[in-house]
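Give me a model of this one.
(chains A and B)
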Amino acid sequence: MIKLSRDQFDTIVAHARSGFPNEICGILAGRDGQVEIVHQARNVARTPRTRFSMDPQDILGITDAIDEAGMDLLGFYHSHTHTQAYPSPTDVSDWPAHWYPDALCLICSLMEEDRPQLRAFHIDAAGEIEEADVEIA
Amino acid sequence: MSVEIQVPTVLRPHTGGERVVHVEGDTVSAAIASLESRFPGLRTELLNDDGQVRQFVNIYVNDEDIRYLNRLDTKLADGDRMAILPAVAGGQYRVTDNLEGQAGVR
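Below you'll find the predicted structure:
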(Lines give C-alpha, C1' and ligand atoms only; values in the text may rest on other atoms or scores of the structure.)
Protein backbone atom coordinates (compact mmCIF):
# COMPACT_ATOMS: atom_id res chain seq x y z
CA MET A 1 0.00 0.00 0.00
CA ILE A 2 1.21 3.47 -0.86
CA LYS A 3 -0.75 6.60 -0.03
CA LEU A 4 -0.64 9.86 -1.96
CA SER A 5 -2.51 13.12 -1.73
CA ARG A 6 -4.52 14.28 -4.74
CA ASP A 7 -1.93 17.03 -5.26
CA GLN A 8 0.90 14.50 -5.33
CA PHE A 9 -0.98 12.36 -7.83
CA ASP A 10 -1.60 15.46 -9.96
CA THR A 11 2.11 16.36 -9.71
CA ILE A 12 3.15 12.96 -11.08
CA VAL A 13 0.59 13.14 -13.91
CA ALA A 14 1.67 16.70 -14.76
CA HIS A 15 5.29 15.53 -14.80
CA ALA A 16 4.37 12.67 -17.14
CA ARG A 17 2.43 14.99 -19.46
CA SER A 18 5.20 17.60 -19.49
CA GLY A 19 7.70 14.97 -20.61
CA PHE A 20 5.49 13.48 -23.33
CA PRO A 21 6.35 11.90 -25.77
CA ASN A 22 9.32 10.91 -23.65
CA GLU A 23 9.09 8.85 -20.49
CA ILE A 24 9.75 10.64 -17.22
CA CYS A 25 10.88 9.33 -13.84
CA GLY A 26 11.21 10.23 -10.20
CA ILE A 27 11.37 9.04 -6.62
CA LEU A 28 8.69 9.07 -3.91
CA ALA A 29 9.76 9.66 -0.34
CA GLY A 30 7.79 9.53 2.89
CA ARG A 31 7.04 7.60 6.02
CA ASP A 32 4.83 4.61 6.81
CA GLY A 33 3.73 4.30 3.20
CA GLN A 34 2.50 7.91 3.04
CA VAL A 35 4.21 9.95 0.33
CA GLU A 36 5.56 13.26 1.61
CA ILE A 37 7.78 14.39 -1.25
CA VAL A 38 7.67 13.75 -4.99
CA HIS A 39 11.23 14.08 -6.28
CA GLN A 40 11.48 14.52 -10.03
CA ALA A 41 14.59 13.09 -11.69
CA ARG A 42 16.02 13.38 -15.17
CA ASN A 43 15.61 10.61 -17.71
CA VAL A 44 19.00 10.18 -19.40
CA ALA A 45 18.07 7.15 -21.55
CA ARG A 46 19.33 7.34 -25.12
CA THR A 47 15.88 6.33 -26.38
CA PRO A 48 13.67 8.22 -23.92
CA ARG A 49 10.42 7.59 -25.81
CA THR A 50 10.49 3.96 -24.83
CA ARG A 51 13.01 3.77 -22.01
CA PHE A 52 13.97 5.55 -18.87
CA SER A 53 17.29 5.61 -17.13
CA MET A 54 17.28 7.76 -14.03
CA ASP A 55 20.17 10.21 -13.90
CA PRO A 56 22.60 8.59 -11.43
CA GLN A 57 23.62 11.94 -9.98
CA ASP A 58 19.93 12.70 -9.35
CA ILE A 59 19.56 9.36 -7.58
CA LEU A 60 22.56 10.19 -5.39
CA GLY A 61 21.26 13.67 -4.53
CA ILE A 62 17.68 12.55 -3.93
CA THR A 63 18.57 9.49 -1.84
CA ASP A 64 20.90 11.64 0.26
CA ALA A 65 18.07 14.15 0.80
CA ILE A 66 15.68 11.34 1.77
CA ASP A 67 18.25 9.95 4.19
CA GLU A 68 18.93 13.34 5.76
CA ALA A 69 15.18 13.97 6.16
CA GLY A 70 14.78 10.67 7.97
CA MET A 71 12.29 9.45 5.37
CA ASP A 72 12.01 6.19 3.50
CA LEU A 73 12.41 5.71 -0.21
CA LEU A 74 8.90 4.44 -0.91
CA GLY A 75 9.12 3.96 -4.64
CA PHE A 76 10.45 4.87 -8.06
CA TYR A 77 7.93 6.15 -10.61
CA HIS A 78 8.09 6.43 -14.37
CA SER A 79 5.63 6.98 -17.18
CA HIS A 80 4.39 4.77 -19.97
CA THR A 81 3.22 7.07 -22.71
CA HIS A 82 1.49 4.50 -24.90
CA THR A 83 1.14 1.33 -22.88
CA GLN A 84 -0.75 0.28 -19.79
CA ALA A 85 0.38 0.93 -16.24
CA TYR A 86 1.90 -2.49 -15.83
CA PRO A 87 5.59 -3.46 -15.65
CA SER A 88 7.05 -4.26 -19.05
CA PRO A 89 9.67 -7.00 -19.42
CA THR A 90 12.23 -4.19 -19.49
CA ASP A 91 10.88 -2.80 -16.22
CA VAL A 92 11.20 -6.21 -14.62
CA SER A 93 14.65 -7.07 -15.99
CA ASP A 94 16.09 -3.68 -15.06
CA TRP A 95 14.40 -3.39 -11.67
CA PRO A 96 17.01 -2.85 -8.90
CA ALA A 97 15.40 -5.22 -6.38
CA HIS A 98 18.82 -6.17 -5.07
CA TRP A 99 19.51 -2.65 -3.82
CA TYR A 100 15.97 -1.49 -3.09
CA PRO A 101 14.04 -4.59 -2.00
CA ASP A 102 11.22 -2.61 -0.38
CA ALA A 103 10.75 0.11 -2.99
CA LEU A 104 7.66 0.00 -5.18
CA CYS A 105 7.68 0.38 -8.95
CA LEU A 106 5.01 2.97 -9.80
CA ILE A 107 3.89 3.45 -13.38
CA CYS A 108 1.87 6.39 -14.63
CA SER A 109 0.17 5.51 -17.91
CA LEU A 110 -0.93 8.17 -20.38
CA MET A 111 -2.35 5.56 -22.75
CA GLU A 112 -5.83 7.00 -22.22
CA GLU A 113 -5.22 10.70 -22.53
CA ASP A 114 -8.08 11.82 -20.32
CA ARG A 115 -7.72 9.03 -17.79
CA PRO A 116 -4.13 8.82 -16.58
CA GLN A 117 -3.54 5.78 -14.41
CA LEU A 118 -1.10 5.25 -11.59
CA ARG A 119 -0.45 1.73 -10.36
CA ALA A 120 2.17 0.32 -8.01
CA PHE A 121 3.97 -3.01 -8.01
CA HIS A 122 6.40 -4.89 -5.89
CA ILE A 123 8.97 -6.63 -8.08
CA ASP A 124 11.29 -9.09 -6.38
CA ALA A 125 14.76 -10.19 -7.41
CA ALA A 126 13.29 -13.24 -9.17
CA GLY A 127 11.08 -10.99 -11.29
CA GLU A 128 7.83 -11.86 -9.53
CA ILE A 129 5.31 -9.03 -9.78
CA GLU A 130 2.74 -8.28 -7.10
CA GLU A 131 0.43 -5.30 -7.31
CA ALA A 132 0.20 -2.96 -4.34
CA ASP A 133 -2.75 -0.71 -3.52
CA VAL A 134 -2.47 2.96 -4.36
CA GLU A 135 -4.63 5.15 -2.12
CA ILE A 136 -5.22 8.69 -3.31
CA ALA A 137 -6.87 10.85 -0.69
CA MET B 1 47.83 8.14 -4.77
CA SER B 2 44.58 8.87 -3.00
CA VAL B 3 41.18 9.04 -4.65
CA GLU B 4 37.87 10.07 -3.16
CA ILE B 5 34.99 7.64 -3.50
CA GLN B 6 31.34 8.63 -3.07
CA VAL B 7 29.32 5.79 -1.62
CA PRO B 8 25.54 5.64 -2.22
CA THR B 9 23.09 5.23 0.64
CA VAL B 10 22.42 1.56 -0.11
CA LEU B 11 26.10 0.64 0.27
CA ARG B 12 26.89 2.72 3.36
CA PRO B 13 26.28 -0.18 5.73
CA HIS B 14 29.53 -1.55 4.23
CA THR B 15 31.45 1.64 5.04
CA GLY B 16 30.15 2.16 8.54
CA GLY B 17 27.81 4.84 7.28
CA GLU B 18 30.55 6.89 5.58
CA ARG B 19 29.34 8.83 2.53
CA VAL B 20 32.87 9.51 1.26
CA VAL B 21 35.93 7.32 1.71
CA HIS B 22 39.50 7.71 0.47
CA VAL B 23 41.47 4.82 -0.96
CA GLU B 24 44.65 4.23 -2.93
CA GLY B 25 44.64 3.09 -6.55
CA ASP B 26 45.81 4.17 -10.00
CA THR B 27 42.91 2.57 -11.86
CA VAL B 28 39.23 2.02 -11.08
CA SER B 29 39.99 -1.67 -10.70
CA ALA B 30 42.79 -0.97 -8.21
CA ALA B 31 40.58 1.42 -6.25
CA ILE B 32 37.90 -1.27 -5.98
CA ALA B 33 40.54 -3.71 -4.72
CA SER B 34 41.55 -1.14 -2.08
CA LEU B 35 37.91 -0.67 -1.15
CA GLU B 36 37.52 -4.41 -0.72
CA SER B 37 40.55 -4.64 1.55
CA ARG B 38 39.10 -1.94 3.81
CA PHE B 39 35.47 -2.91 3.52
CA PRO B 40 35.24 -6.64 2.80
CA GLY B 41 32.19 -7.59 0.77
CA LEU B 42 31.91 -4.33 -1.13
CA ARG B 43 33.55 -5.70 -4.27
CA THR B 44 30.82 -8.25 -4.82
CA GLU B 45 28.23 -5.47 -4.62
CA LEU B 46 29.99 -3.73 -7.51
CA LEU B 47 31.30 -6.51 -9.72
CA ASN B 48 29.79 -9.77 -10.93
CA ASP B 49 31.46 -13.18 -10.97
CA ASP B 50 33.09 -12.29 -14.29
CA GLY B 51 34.67 -9.23 -12.72
CA GLN B 52 32.50 -6.82 -14.70
CA VAL B 53 30.48 -3.92 -13.29
CA ARG B 54 27.05 -5.15 -12.25
CA GLN B 55 23.96 -4.13 -14.21
CA PHE B 56 22.59 -2.02 -11.36
CA VAL B 57 25.82 -0.14 -10.74
CA ASN B 58 27.22 2.95 -12.41
CA ILE B 59 30.74 4.12 -11.71
CA TYR B 60 31.72 7.66 -12.58
CA VAL B 61 35.18 9.22 -12.51
CA ASN B 62 35.07 13.00 -12.28
CA ASP B 63 31.46 12.95 -13.54
CA GLU B 64 32.25 10.69 -16.53
CA ASP B 65 30.68 7.22 -16.80
CA ILE B 66 33.55 4.71 -16.97
CA ARG B 67 31.58 2.80 -19.64
CA TYR B 68 32.51 5.69 -21.93
CA LEU B 69 36.10 5.87 -20.64
CA ASN B 70 38.22 2.78 -20.26
CA ARG B 71 35.85 0.88 -17.98
CA LEU B 72 37.64 -0.79 -15.06
CA ASP B 73 41.01 0.11 -16.59
CA THR B 74 40.19 3.83 -16.43
CA LYS B 75 43.22 5.64 -14.98
CA LEU B 76 42.94 7.57 -11.74
CA ALA B 77 45.12 10.50 -10.71
CA ASP B 78 45.75 11.84 -7.24
CA GLY B 79 42.66 13.71 -6.06
CA ASP B 80 40.28 12.22 -8.62
CA ARG B 81 36.69 11.67 -7.54
CA MET B 82 35.06 8.33 -8.18
CA ALA B 83 31.32 7.93 -7.57
CA ILE B 84 29.47 4.67 -7.17
CA LEU B 85 25.87 5.25 -8.22
CA PRO B 86 22.83 3.01 -8.37
CA ALA B 87 21.23 2.35 -11.75
CA VAL B 88 17.45 2.63 -11.98
CA ALA B 89 15.98 2.00 -15.41
CA GLY B 90 13.15 0.42 -17.38
CA GLY B 91 10.46 1.53 -19.74
CA GLN B 92 7.70 0.52 -22.06
CA TYR B 93 8.77 -1.52 -25.05
CA ARG B 94 7.95 -3.19 -28.34
CA VAL B 95 4.67 -1.63 -29.31
CA THR B 96 6.33 1.75 -29.25
CA ASP B 97 9.78 0.76 -30.50
CA ASN B 98 8.97 2.38 -33.83
CA LEU B 99 8.28 5.68 -32.09
CA GLU B 100 12.04 6.06 -31.79
CA GLY B 101 12.18 6.53 -35.53
CA GLN B 102 14.03 3.27 -35.92
CA ALA B 103 13.15 0.94 -38.75
CA GLY B 104 10.37 -1.46 -37.91
CA VAL B 105 9.50 -3.33 -34.78
CA ARG B 106 11.36 -6.56 -34.02
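
Does stretch A:123-137 reach chain B?
No. Shown here: stretch A:123-137 not in contact with chain B (Cβ under 8 Å from any Cβ of the partner chain), separated by at least 9.5 Å. Any C-beta I mention is one placed from the backbone N, CA and C, and that applies to glycine too.

Tell me the gap between that stretch and the middle of its chain.
11 Å (Cα atoms, centre = their mean, to the nearest Å).

Stretch A:34-45 too?
Taking mean C-alpha positions (Cα atoms, centre = their mean), stretch A:34-45 and its chain are 7 Å apart.

what about the strands in chain B?
With DSSP state E as the criterion, chain B has strands at B:2-6, B:20-24, B:57-61, B:64-65, B:81-86, B:89-90.

Pairing partners for the third one, with directions?
On the basis of DSSP bridges, the sheet neighbours of strand B:57-61 come out as strand B:64-65 (antiparallel), strand B:81-86 (antiparallel).

same deal with the second one?
Strand partners for strand B:20-24, identified by DSSP bridges, are recorded as strand B:2-6 (antiparallel).

Show me what from chain A comes close to chain B.
A:21, A:23, A:25, A:45, A:47, A:49-54, A:56-57, A:59-60, A:63-64, A:66-67, A:76, A:78, A:80-83, A:87-92, A:94-96, A:98-100, A:105.

Narrow these to those that are buried.
The neighbour count (16 or more other Cβ atoms under 10 Å in any protein chain shown) marks A:23, A:25, A:45, A:47, A:49-54, A:56-57, A:59-60, A:63, A:66-67, A:76, A:78, A:80-83, A:87-88, A:90-92, A:94-96, A:99-100, A:105 as buried among the residues of chain A next to chain B.

Right, I'll leave it there.
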